[in-house]
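Asker: What follows is a protein structure lacking sequence information:
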């Protein structure tokens, strides 16, 4: 549970991204009725604090995450809200529970699906979760330079034993020439009606190297496997390598602060995919999985 609390302290980029998208699609969110699922809700703070207030008071929200620790945190800390509950769900599963099929009028997912490797299955499962006429608003990373740093660190003999499955944590579209068109093919073949599909350049400002380091630590999949004597060095090395690929500028000092003179701001630049889709009312539940992208 300590890892979950650490993530809550460091998920400022995910919060900012979700907030921006919710503002852009505020009218669509306000029209939601019935039952909504948040896929990859993590500890549930964004679901509770940002999503719920934008929905009608009679909408029921189910947060879902692959991590039992995350869903336990949500159910414990937000139990007082009877509109909100959390379940364990692997959106990439080959055997989606029949109890979840066709149970939701709306699905959202923010900053999550880039951890998945089989995007056809992922969107096939989202399709199955929705009722006919149900809609989904989904955002995830298409390409980020930080993932290239994983390959560099894997060549370090000290870290290599703990990064054998590094490809498992590289976004599906990281090396795709045209992520938007590739995603559209997946959505079409799944059976969705595409209302919106875009690739965007995104930025987030980390006000210090320490804040950036905290964020990297919170989302890194390898550090928990490492012995204590190399964890800090790994995160330090990864942070320094990521900074090399970003825009760094001196921090504008305020007279009333006591920040060190060498404090810097890091502008993180990356690309995301954003889709808003609908499961047609009369479409059969048939997912095509053999189209090359």
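Answerer: Received the coordinates, thanks. In this text the structure is predicted, and so the values were computed from the model without any measurement.
Asker: Please count neighbours and contacts with C-alpha atoms only from this point.
Answerer: Fine.
Asker: Run a quick neighbour tally on residue 9.
Answerer: When neighbours are defined as other Cα atoms under 10 Å, residue 9 has 12 of them.
Asker: Next, it: secondary structure please.
Answerer: With DSSP: H, G, I helix; E, B strand; the rest coil as the basis, residue 9 sits in helix.
Asker: got it, and residue 274?
Answerer: strand.
Asker: So in terms of bridging, what pairs with it?
Answerer: residue 139, residue 198 (DSSP bridges).
Asker: was I right about it contacting residue 139?
Answerer: Yes. At 4.5 Å, residue 274 and residue 139 qualify as touching, with contact defined as Cα atoms under 8 Å.
Asker: Overlap in contacts, those two.
Answerer: The contact sets of residue 274 and residue 139 do not overlap (Cα atoms under 8 Å, 6 or more residues apart in numbering).
Asker: The two - which one has more neighbours?
Answerer: A direct count of neighbours by other Cα under 10 Å for residue 274 and residue 139 places residue 139 higher, at 23 against 20.
Asker: pLDDT score assigned to that one?
Answerer: Note for residue 139: predicted pLDDT of 98.
Asker: these two touch, right, it and residue 271?
Answerer: No. With contacts counted by Cα under 8 Å, residue 139 stays clear of residue 271, the gap being 10.6 Å.
Asker: where are the low-confidence patches of the chain?
Answerer: Within the chain, the segments meeting pLDDT under 70 span 1-2, 247-249, 251-264, 283-293.
Asker: in it, which spans are strands?
Answerer: With DSSP state E as the criterion, the chain has strands at 35-39, 60-65, 84-88, 104-110, 130-144, 193-206, 247-250, 264-278.
Asker: need the ones you listed in TSV with distance to residue 74, can you?
Answerer: What follows is these, written out as TSV (distance: least, Cα to Cα, whole Å):
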stretch	distance to residue 74
strand 35-39	12
strand 60-65	8
strand 84-88	6
strand 104-110	16
strand 130-144	21
strand 193-206	26
strand 247-250	35
strand 264-278	26
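Asker: Report the contact partners of residue 144.
Answerer: By Cα under 8 Å, 6+ apart, the contact list for residue 144 reads 174, 269-271.
Asker: Which one of these is nearest to residue 188?
Answerer: Residue 188 lies nearest to residue 174 out of these, by Cα to Cα, at 20.8 Å.
Asker: can you count the residues close to the closest one?
Answerer: 17.
Asker: again with residue 81
Answerer: Count around residue 81 with other Cα under 10 Å applied: 10.
Asker: Check the gap between it and residue 19 for me.
Answerer: As judged by Cα to Cα, to the nearest Å, residue 81 and residue 19 stand 21 Å apart.
Asker: same check, this time on residue 127
Answerer: When residue 127 is compared with residue 19 (using Cα to Cα), they lie 24 Å apart.
Asker: out of the two, which sits in the busier spot?
Answerer: Neighbour count, other Cα under 10 Å: between residue 127 and residue 19, residue 127 has more, with 29 against 17.
Asker: Return the residues in contact with the more buried one.
Answerer: Shown in contact with residue 127 (Cα under 8 Å, 6+ apart): 190-192, 279.
Asker: Please apply the same query to residue 213.
Answerer: Applying Cα under 8 Å, 6+ apart, the residues contacting residue 213 are 235-236, 239.
Asker: Between these, which sits nearest residue 92?
Answerer: When those are ranked by distance to residue 92 (Cα to Cα), residue 235 comes first, at 28.1 Å.
Asker: And stretch 157-174, end to end?
Answerer: Where stretch 157-174 begins and where it ends lie 25 Å apart, using Cα to Cα.
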